[in-house]
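Novice: coords please:
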Amino acid sequence: MKEFKKLTLTIFLILWCSLIIILLINEIKNRINTDEKTNEPQQQTTLKLDTYTFLKVIDWDTIKVKNNNEEINIRMIGLDAPEKSTTRYWYTECFWNEATNHLNEILSWITTIQVEQDPTQWETDKYWRLLWYVFFSWNNINQKMIEDGYWFEYTYNLPYKYQKEFKKAEKSARLNKLWLWDKNTCNWEKREIKD
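Specialist: Numbers count the residues shown, from 1 in each chain. Predicted coordinates for the structure are as follows:
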């Protein structure tokens, strides 16, 4: 009889503990799902994005898109990268080709992108390119290129909307010595290279 009571008590405790564990797991899952659901719409409602047809990468910081029948050049805000032969420097900089190729790789299979204007910045640059952020599936492509170590953060004149995030992305790339920041590639020296 004592053994039966012990066995019954043991089974009861095991079932009780199992029930508590199941309830805890369900509570954790519900909280994670609730957080995901509340975060997603907030991000989407705060971003006012327009959709365009992606046509091609012109160079490391400029892409061509189409809206209806109008083709538009977009200069991506908040970044800079090595230049090919330019009137600004009159020489090719280390890693310009890799930066352009990486942007091509990211966007090569994409047909539509989303763009965001920044009211803190001019509408166009001196070359009449629209100054916008480029998104794909709610991911900021401008920031991704900096995170990947192909571009660096660049504030032209006034602070811009994502400046803090871009500076953080550059710091991470620099600390991890990614591409531009690697001493075996450029170590981010603005130096002339031969083609």
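
Novice: Identify all contacting residues around the strand or helix carrying residue 133.
Specialist: Using DSSP states H and E, residue 133 falls within strand 130-136. Contact with strand 130-136 is made by 47, 49, 63, 72-78, 106-107, 110, 113-118, 121-125, 140-142, 161-162, as judged by C-beta atoms under 8 Å, 6 or more residues apart in numbering. Quick note: C-beta positions are derived from backbone N, CA and C, even for glycine.

Novice: so of those, which ones are in helices?
Specialist: Mapping the contacts of strand 130-136 onto helices (DSSP state H) picks out 106-107, 141-142.

Novice: Which members of the residues you listed are the farthest-apart pair?
Specialist: The span of the ones in helices among the contacts of strand 130-136, defined through C-beta to C-beta, is set by 107 and 142 at 12.0 Å.

Novice: Mind checking which of these two has more residues around it?
Specialist: Using other C-beta atoms under 10 Å, the more surrounded residue of residue 107 and residue 142 is residue 142, with 24 against 18.

Novice: my read: that one touches residue 81, true?
Specialist: No: taking contacts as C-beta atoms under 8 Å, residue 142 lies outside contact range of residue 81: 11.1 Å.

Novice: Tell me where the protein has helices.
Specialist: For the chain, the helices defined by DSSP H cover 2-46, 96-107, 141-147, 163-175.

Novice: about what we covered before: which residues do residue 142 and residue 81 both contact?
Specialist: Joint contacts of residue 142 and residue 81 (C-beta under 8 Å, 6+ apart) are residue 151.

Novice: Quick one: distance of whichever strand in the chain runs longest to the chain centre.
Specialist: Across the chain, the longest stretch assigned as strand under DSSP state E is strand 50-59. Its chain's C-alpha centre and that of strand 50-59 lie 16 Å apart, by C-alpha atoms, centre = their mean, to the nearest Å.

Novice: try stretch 106-116
Specialist: Between the centre of stretch 106-116 and the centre of its chain there are 12 Å (C-alpha atoms, centre = their mean).

Novice: Can you give me the buried ones in stretch 104-113?
Specialist: 106-107, 113 (16 or more other C-beta atoms under 10 Å).

Novice: same thing with stretch 169-181?
Specialist: For stretch 169-181, by 16+ other C-beta under 10 Å, it's 169-170, 173, 178-181.

Novice: do the same with stretch 111-127
Specialist: Judged by neighbour count (16+ other C-beta under 10 Å), stretch 111-127 contains these buried residues: 113-118, 121, 125.

Novice: Closest to residue 17 out of those?
Specialist: Distances from residue 17 to these, taken as C-beta to C-beta, are shortest for residue 114 (49.1 Å).
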